[in-house]
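Chemist: Here is a sequence with its predicted model. Questions after.
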Amino acid sequence: MNLRKEPFRYLFTEPHPCLLELTEFNGTPVSSKPAEAVLINLSKGGCKIVSGLNLHADTNQVVVKLHLPLTETPILCPATIQWQRAQDSTRFEYGLQLQLPPSEKERILVDLRTLAAERKIVVE
């Protein structure tokens, strides 16, 4: 069952590196170094990433900051992890709900249009 509310989700044609930073764990603020992740797909309200970090988001409330380098100026996106799945013992998929103001959501849409014109993404 698909619970997405956005009409479009864009799939990257090649792995798109990004950074993931843990900011809150079960309501407690934390400070962490950004870790490498790969952006799989993106919409203005959410995305799917893959990371080597096991954040145990299936049993904890996890808030992160996603560093999205879509164009020359990266977007810093606060996000909550909605789900976690293990790809294998060292790679984990995460579904993130982005917590962005309308102006930043619009910026993501503009950046997505640019990437679509460059054929770096396709509609999923």
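Modeler: Happy to help now that I have it. Numbering: from 1, shown residues only.
Chemist: When you work out contacts or count neighbours from here on, use the C-alpha atoms and nothing else.
Modeler: Noted.
Chemist: So, low pLDDT: which residues of this protein?
Modeler: Low-confidence segments of the chain (pLDDT under 70): 1-7.
Chemist: Report the central residue of it.
Modeler: residue 47 (4.2 Å; C-alpha atoms, centre = their mean).
Chemist: isn't it right up against residue 40?
Modeler: Yes: at 7.4 Å, residue 47 counts as touching residue 40 under the criterion of C-alpha atoms under 8 Å.
Chemist: And the contacts of the helix or strand residue 63 falls within?
Modeler: Per DSSP states H and E: residue 63 is located in strand 62-68. With contact meaning C-alpha atoms under 8 Å, 6 or more residues apart in numbering, strand 62-68 is reached by 18-26, 55, 74-81.
Chemist: which of the residues you listed count as buried?
Modeler: When the contacts of strand 62-68 are checked for burial by 16 or more other C-alpha atoms under 10 Å, the buried set is 18-24, 55, 75, 77-81.
Chemist: Which of those fall in strands?
Modeler: Those of the buried ones among the contacts of strand 62-68 mapping onto strands are 18-24, 75, 77-81, per DSSP state E.
Chemist: Throw those into JSON lines and include distance to residue 116, thanks.
Modeler: Formatted as JSON lines, those follow (distance: C-alpha to C-alpha, whole Å):
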{"residue": "18", "distance to residue 116": "18"}
{"residue": "19", "distance to residue 116": "22"}
{"residue": "20", "distance to residue 116": "24"}
{"residue": "21", "distance to residue 116": "27"}
{"residue": "22", "distance to residue 116": "30"}
{"residue": "23", "distance to residue 116": "31"}
{"residue": "24", "distance to residue 116": "33"}
{"residue": "75", "distance to residue 116": "18"}
{"residue": "77", "distance to residue 116": "21"}
{"residue": "78", "distance to residue 116": "24"}
{"residue": "79", "distance to residue 116": "24"}
{"residue": "80", "distance to residue 116": "26"}
{"residue": "81", "distance to residue 116": "26"}
